[in-house]
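Peer 1: Predicted structure and sequence below. I'll ask about it afterward.
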Amino acid sequence: MAEKPALLIVDDEKPTREGLRAALEDRYDVYVADDAGSAMELMESVAVSVLLTDFRLPKEDGLKLIARAKSLPSPPVCILMTAYGSEEIAVQAMKQGADDYIAKGRMQIDELEMRVARALRAQSLEQENRVLHEHLDRKFQLKNVIGESAVMVEVLDRARQVAPSRATVMILGESGTGKELIARAIHQLSPRARNPLVTVHCAALSPTLLESELFGHERGAFTGAHERRIGRFEQAQGGSLFLDEIGEIDVSTQVKLLRFLSERTFERVGSGKTLNADIRLIAATNKNLEAMVKEGRFREDLYFRLRVVEIWMPPLRERSSDIPMLAVSFLNEFAKENSKTISAFEPEVMRALTEYAWPGNVRELKTAIEHAVVLARGGRIALRDLPPAVQGMKALPGGALSEAGPNAPRETSGSGTVREVEKEMIVQALKDSAGNRSASARKLGMSRRTLHRKLHTYGLGDL
């Protein structure tokens, strides 16, 4: 049987206390007190869900008791009872934190039970909402954006600075660098965090659909518009709107977006009514907007409106020192998700991860670690568990794999084992580069450090 909520009745008149106890004890675990002092002592030792207190009490009135009760770590629902049913007392009670107010002279038990139940439901919803937001805060705060490299420290510092403002933010960077994660963190660190963050992936929609998605439309605005649609601007009211891949929007939508940034107003498609929206705009793109402006494909005035504050997300190859931290984080995530006990990487795996160029950036790294976790056979990730490209392998004639990089020559004079083929490739590259190891490494598509390691492995250190 579920435990009954604890309810505390505070009244200096015993008949009132006992009468309310008898009426409410079927649904609540009822406690009673005759003054504010004894009521506070009880609330400090018992988790009281509801405080039902008279206004007139000895020494300290019910308003002061409510104020003290609301300062507890887990404050109860507070309902004030009084025979003095003036509006002034009701207003004062609400200012002191009362959740409801009822006049004793007109109080009916059924009405009281209804009000208590309603106040408890409201408190429960508020607690659930707070837990949800705390979860979102933990998930999207900047402390969860992994990176200690100098470039990432600069990114995080700028995000912290811009978050409390109303300024429009433009996040630039290649695909897969984590632009949306930064946008979410900025929202969660802003005063708008308790309101929605609405995301629109602009490249996924045609121009007509994008305009309707952003601004909404009226019934009959175009073929297929069978009813009014509320757009993302209205959905984001009081919060933030994140426009990902903004370089993909057409000129018509650019004009409407410029109007909003200038006047904070917009119109639904098919409507002449001007609407207002209190939102914070965050945009992101992997395009070179400055070049698009010069080519006439993006409005210059919109470009400058969007880039009030710019944040550039560096590609993973420019912050390789963050790769081990990211890899461990993804390892823990996917090991838990796949119910696997995997604790670490073999040393050669971490070398491969840090030497790979990561054209897909953090997104590709995350996918590679998931691939490795799924294929791992033991408690540590081995080199064979990584995708072939990350291992440094490439396809050779006959279906064999070579550890040479993407720029390695395919033509060889022999057809032996993978090791023999690779050794011959390295020798040929050094000959072609007149012994210049940096040039040879570039030709082979590998780092200079990898080339040195392979020269040592194949006994070619004198070349």
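Peer 2: That came through fine. None of the values given here were measured: they were computed from a predicted structure.

Peer 1: Okay, and the beta partners of the residue nearest to Phe260 when sequence neighbours are not counted?
Peer 2: Taking C-beta to C-beta, 6 or more residues apart in numbering, and ignoring the residues beside it in sequence, Phe260 has Phe266 as its nearest neighbour in space, at 4.9 Å. All C-beta spots, glycine's among them, are computed from the backbone N, C-alpha and C. Beta-bridge pairing of Phe266 under DSSP bridges involves Leu275.

Peer 1: Measure how buried Phe266 is and give me the count.
Peer 2: Using other C-beta atoms under 10 Å, Phe266 has 20 neighbouring residues.

Peer 1: Test my guess that it contacts Lys273.
Peer 2: No. Taking contacts as C-beta atoms under 8 Å, Phe266 lies outside contact range of Lys273: 10.1 Å.

Peer 1: Can you dump the C-alpha atoms of stretch 167-184 in CSV for me?
Peer 2: Taking C-alpha atoms only, stretch 167-184 is exported to CSV below (Å, rounded to 0.1, in the frame of the first residue of the first chain):
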residue,chain,number,x,y,z
ALA,A,167,23.2,38.5,-28.7
THR,A,168,22.7,36.4,-31.8
VAL,A,169,25.5,33.8,-32.0
MET,A,170,27.0,32.3,-35.2
ILE,A,171,28.8,29.0,-34.7
LEU,A,172,31.2,28.1,-37.5
GLY,A,173,33.0,24.9,-38.2
GLU,A,174,33.2,21.7,-40.3
SER,A,175,30.5,19.0,-40.1
GLY,A,176,30.8,16.8,-37.0
THR,A,177,32.7,19.3,-34.8
GLY,A,178,29.9,19.7,-32.2
LYS,A,179,28.3,22.9,-33.2
GLU,A,180,24.8,21.8,-32.0
LEU,A,181,26.3,20.7,-28.6
ILE,A,182,27.7,24.2,-28.1
ALA,A,183,24.4,25.8,-29.1
ARG,A,184,22.6,23.7,-26.5
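
Peer 1: Just the mean pLDDT for it, thanks.
Peer 2: For stretch 167-184, mean pLDDT is 94.

Peer 1: buried stuff in it?
Peer 2: 168-174, 176-179, 181-184 (16 or more other C-beta atoms under 10 Å).

Peer 1: Can you tell me which of those residues is closest to Gly224?
Peer 2: Gly224 lies nearest to Ala183 out of the buried residues of stretch 167-184, by C-beta to C-beta, at 30.9 Å.

Peer 1: residues touching that closest one, list them.
Peer 2: Going by C-beta atoms under 8 Å, 6 or more residues apart in numbering, Ala183 touches 169, 171, 197, 199, 240, 242, 244, 282, 284.

Peer 1: And the strands in the stretch 151-300 of the chain?
Peer 2: 169-172, 197-201, 240-244, 265-266, 275-276, 280-285 (DSSP state E, counting those that start in this stretch).

Peer 1: Between those, which has the poorest mean confidence score?
Peer 2: Among the strands of the stretch 151-300 of the chain, strand 275-276 has the lowest mean pLDDT, at a mean of 86.

Peer 1: Check what contacts it and list those residues.
Peer 2: By C-beta under 8 Å, 6+ apart, the residues outside strand 275-276 that reach it are 233-234, 264-268.

Peer 1: Centre of the chain to it, how far?
Peer 2: Remark: strand 275-276 is offset 27 Å from the chain centroid, using C-alpha atoms, centre = their mean, to the nearest Å.

Peer 1: Least confident secondary structure element in the protein?
Peer 2: Using mean pLDDT, DSSP states H and E, the weakest-scoring helix or strand in the chain turns out to be strand 394-395, at a mean of 43.

Peer 1: Can you report how many residues neighbour the closest residue to Arg280 other than its chain neighbours?
Peer 2: Of all residues not flanking Arg280 in the chain, Ser240 sits nearest, at 4.4 Å (C-beta to C-beta, 6+ apart). Neighbours of Ser240 under the rule other C-beta under 10 Å: 23.

Peer 1: Arg448 now?
Peer 2: Neighbouring residues of Arg448 were enumerated by other C-beta under 10 Å; the total is 13.

Peer 1: Contact partners for Ser175?
Peer 2: Counting by C-beta under 8 Å, 6+ apart, Ser175 makes contact with 286, 360-361, 363.

Peer 1: now with 7 Å?
Peer 2: By C-beta atoms under 7 Å, 6 or more residues apart in numbering, Ser175 lies in contact with 286, 361.

Peer 1: And Asp250, by the same measure?
Peer 2: Pro207.

Peer 1: any chance of the strands of the stretch 151-300 of the chain in a markdown table, with distance to Val153 too?
Peer 2: Below are those laid out as a markdown table (distance: least, C-beta to C-beta, whole Å):
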| stretch | distance to Val153 |
| --- | --- |
| strand 169-172 | 17 |
| strand 197-201 | 24 |
| strand 240-244 | 23 |
| strand 265-266 | 37 |
| strand 275-276 | 38 |
| strand 280-285 | 20 |
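
Peer 1: Out of those, flag the one nearest Gln428.
Peer 2: Judged by C-beta to C-beta, the one of the strands of the stretch 151-300 of the chain that comes nearest to Gln428 is strand 169-172, at 40.6 Å.

Peer 1: ok, residues contacting that closest one?
Peer 2: 162, 179, 182-183, 186, 282-285, 306-307, 309-313.

Peer 1: Select, from the residues you listed, the two members most distant in space.
Peer 2: Val162 and Thr285 (17.1 Å).

Peer 1: Pick out whichever of those two has more residues nearby.
Peer 2: Per other C-beta under 10 Å, whichever of Val162 and Thr285 has more neighbours is Thr285, with 23 against 20.

Peer 1: dump the residue contacts of the closest residue in space to Ala382 that isn't next to it in sequence.
Peer 2: Of all residues not flanking Ala382 in the chain, Glu346 sits nearest, at 5.2 Å (C-beta to C-beta, 6+ apart). Listed by C-beta under 7 Å, 6+ apart, the contact set of Glu346 reads 380-383.
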